[in-house]
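A.B. asks: Here you go, sequence then predicted model.
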Amino acid sequence: MSQSEPAAEASAKRSAAQPRAPLALTVNDKPYYHEGDPQMPLLWFLRDTLRLTGTKFGCGVGACGACTVLLDGKAVRSCTMPMAAVAEHRITTIEGLETDALHPVQQAWIEEDVAQCGYCQAGQILAAVDLLKRKPKPSEDDISAIGNLCRCGTYPRIRKAILRAAESIQGQGK
Ligand code: FES
Ligand code: FES
């Protein structure tokens, strides 16, 4: 049964007036709280609130992967991830991937000179980090299945860098 219009309006006003419990989350090993709309995308929180602008906005509908971050170590698309879904979770952005040295994936990216315009690259790197955690010796199909788009067409260099990083990580026994 649907609410009558005045009743629905009154109910919306009541819930808007109620204070929201803050959502707690960890970003790059630091604790944060979000007191606004729990349906706001994580991407807005990262870019607009925390000013972590390494995470990019591409399509806004979960299709391109430019906004990829790690949620408890797993690659997710932050443009379609509501803040309510990340409460009490640990987010890693490109800024927090490694703080003391380059991550082996970042090192391989440099050695293979992957980036062109660079716009998609933070998302590509974080997606590769997730892949290599799940599949330390990825196949060509595993790499293709990542599905992050690059309008500059750097895919051949991305492949080479992922394979190079896989070897490096195995060599380090990580
Ligand atoms: S901006 Fe999130 S998938 Fe494209
Ligand atoms: S390097 Fe330009 S979009 Fe990927």
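C.D. replies: In hand now; what should we look at? Ligands and ions are numbered 1, 2, ... in the order given.
A.B. asks: List the contacts of Gln39.
C.D. replies: 82-84 (Cβ atoms under 8 Å, 6 or more residues apart in numbering). (Each C-beta comes from the backbone N, C-alpha and C, glycine too.)
A.B. asks: likewise Gln121?
C.D. replies: Counting by Cβ under 8 Å, 6+ apart, Gln121 touches 109, 114-115.
A.B. asks: give me that answer again for 6 Å
C.D. replies: Ala115 (Cβ atoms under 6 Å, 6 or more residues apart in numbering).
A.B. asks: which bits of this structure sit near ligand 2?
C.D. replies: Neighbours of ligand 2 within the chain, by Cβ under 6 Å from any ligand atom: 115-121, 150-152, 154.
A.B. asks: Let's see that with 5 Å instead.
C.D. replies: Near ligand 2, the residues belonging to the chain are 116-117, 119-120, 150-152, 154 when assessed by Cβ under 5 Å from any ligand atom.
A.B. asks: Reformat the residues you listed as CSV; add secondary structure.
C.D. replies: Below are the residues of the chain next to ligand 2 laid out as CSV (DSSP: H, G, I helix; E, B strand; the rest coil):
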residue, secondary structure
Gln116, coil
Cys117, coil
Tyr119, coil
Cys120, coil
Cys150, coil
Arg151, coil
Cys152, coil
Thr154, coil
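A.B. asks: Neighbour-wise, give me the winner out of the residues you listed.
C.D. replies: Cys120 (24 neighbours; other Cβ atoms under 10 Å).
A.B. asks: quick one, phi psi at the closest residue to that one other than its chain neighbours?
C.D. replies: In this structure, Cys120 finds its nearest non-sequential neighbour in Cys150, 4.7 Å apart by Cβ to Cβ, 6 or more residues apart in numbering. Torsion angles at Cys150 (phi, psi; degrees, to the nearest 10) stand at phi -130, psi 110.
A.B. asks: Run a quick check on Cys150 versus Tyr119, I expect a contact.
C.D. replies: No - under the criterion of Cβ atoms under 6 Å, Cys150 makes no contact with Tyr119, lying 8.5 Å away.
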